[in-house]
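Undergrad: Here is a sequence together with a model predicted from it:
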Amino acid sequence: MLASDQYLHYAEEEHFCPHCHTRLSCCHTPPFHVGDGLGWGTEVFFICLNDECRLFVNGWKQCEEQYGHTASCRYALLPGEKEGITMMVGSKEAFTGSEVDSEAIKTKNARFQAEQEAMAKLETCVAEKNLAPILTLLLDESADREARNRAGDLLVELHDPACIDPLRNHAFRNTDLEQKVNMAIRAILKANFNKECPQCSEIVKAQAKVCKHCGAEF
Ligand SMILES: [Zn+2]
Ligand SMILES: [Zn+2]
């Protein structure tokens, strides 16, 4: 497998079809090679997926005449090559849907980047009174489990009531972590002489007998 930034690098390369001047799509190579059986030697390649492309439009008739079966051709280019190849396709849909999704890769990279940064700052964030790394990890369900647990422990130490709203609005998939976070929130509220209204979840003074938000009586 290529690293995600290598995929991105390829996806951003610009190549054009000599038959129709459309920009070639960067696609994942299929699991098998129809031609020589030697494999592709590459994980991505570039192909013209324009259905109006002259090569593709005329290809049906040519393949019928030459090989006697229903197929057509698309222009393709292997990475690092200057000369393109003519690739036989059995249908209009062949290779569509296997385009390298650079937006998805970028999103994934950004998430990973944020996780790494948060993990690096985790041990200093209490001293620096910085809630951000803790929240980043706790709110990211894909983040490292150990790191999220540690972030949960640090909540009480950091003691910042600003954590309550975002954490309350997050659906935790891990019930242990959710419990830890709930306990931390209760501890933070208590230390600030506050409590949560059991009716509406808004924060009220610990001594309050009536919720100022929903009127519930305690
Ligand atoms: Zn073309
Ligand atoms: Zn209330």
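TA: It's in. Numbering: from 1, shown residues only. Ligands and ions are numbered 1, 2, ... in the order given.

Undergrad: Next SSE downstream of the helix or strand in which Ala11 is found?
TA: Using DSSP states H and E, Ala11 maps to helix 4-12. The element immediately downstream of helix 4-12 (helix or strand, assigned by DSSP H and E) is strand 25-28.

Undergrad: on that earlier part again, so which elements touch the helix holding Ala11?
TA: Using 3 or more CB pairs under 8 Å, 6 or more residues apart in numbering; DSSP states H and E, the elements in contact with helix 4-12 are strand 44-47, helix 102-121. Any C-beta I mention is one placed from the backbone N, CA and C, and that applies to glycine too.

Undergrad: Measure how far it is from the centre of its chain, please.
TA: Its chain's C-alpha centre and that of helix 4-12 lie 15 Å apart, by CA atoms, centre = their mean, to the nearest Å.

Undergrad: likewise stretch 75-91?
TA: Computed by CA atoms, centre = their mean, the separation of stretch 75-91 from the middle of its chain amounts to 29 Å.

Undergrad: Get me the contact residues on this structure for ligand 2.
TA: Cys197, Gln199, Cys200, Cys211, His213, Cys214, Ala216 (CB under 5 Å from the ion).

Undergrad: switch the cut-off to 8 Å
TA: By CB under 8 Å from the ion, the part of the chain that sits against ligand 2 consists of 197-202, 204, 211-216.

Undergrad: Just the closest of these to ligand 1, please.
TA: Ser201 (58.3 Å; CB to the ion).

Undergrad: wait, that closest one sits on Arg168?
TA: Yes - using CB atoms under 8 Å, Ser201 is in contact with Arg168, at 6.6 Å.

Undergrad: Just give the closest residue to the most centrally placed residue in the chain, not the sequence neighbours.
TA: Taking CA atoms, centre = their mean, the centroid of the chain lies closest to Lys108, which sits 3.3 Å from it. Once flanking residues are discounted, Lys108 sits nearest to Ser4: 6.5 Å by CB to CB, 6 or more residues apart in numbering.

Undergrad: okay, and for this structure, where does confidence drop off?
TA: Residue ranges of the chain with pLDDT under 70: 1, 32-39.

Undergrad: where does it come near ligand 1, residue by residue?
TA: 17-22, 24, 48, 50, 53-56, 74-75.

Undergrad: Pull out the buried positions in stretch 70-87.
TA: Across stretch 70-87, burial judged by 16 or more other CB atoms under 10 Å covers Ala71, Ser72, Cys73, Arg74, Tyr75, Ala76, Leu77, Pro79, Gly84, Met87.

Undergrad: With secondary structure as added columns, please give these in CSV.
TA: Output for the buried residues of stretch 70-87, formatted as CSV (DSSP: H, G, I helix; E, B strand; the rest coil):
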residue, secondary structure
Ala71, coil
Ser72, strand
Cys73, strand
Arg74, strand
Tyr75, strand
Ala76, strand
Leu77, strand
Pro79, coil
Gly84, coil
Met87, strand
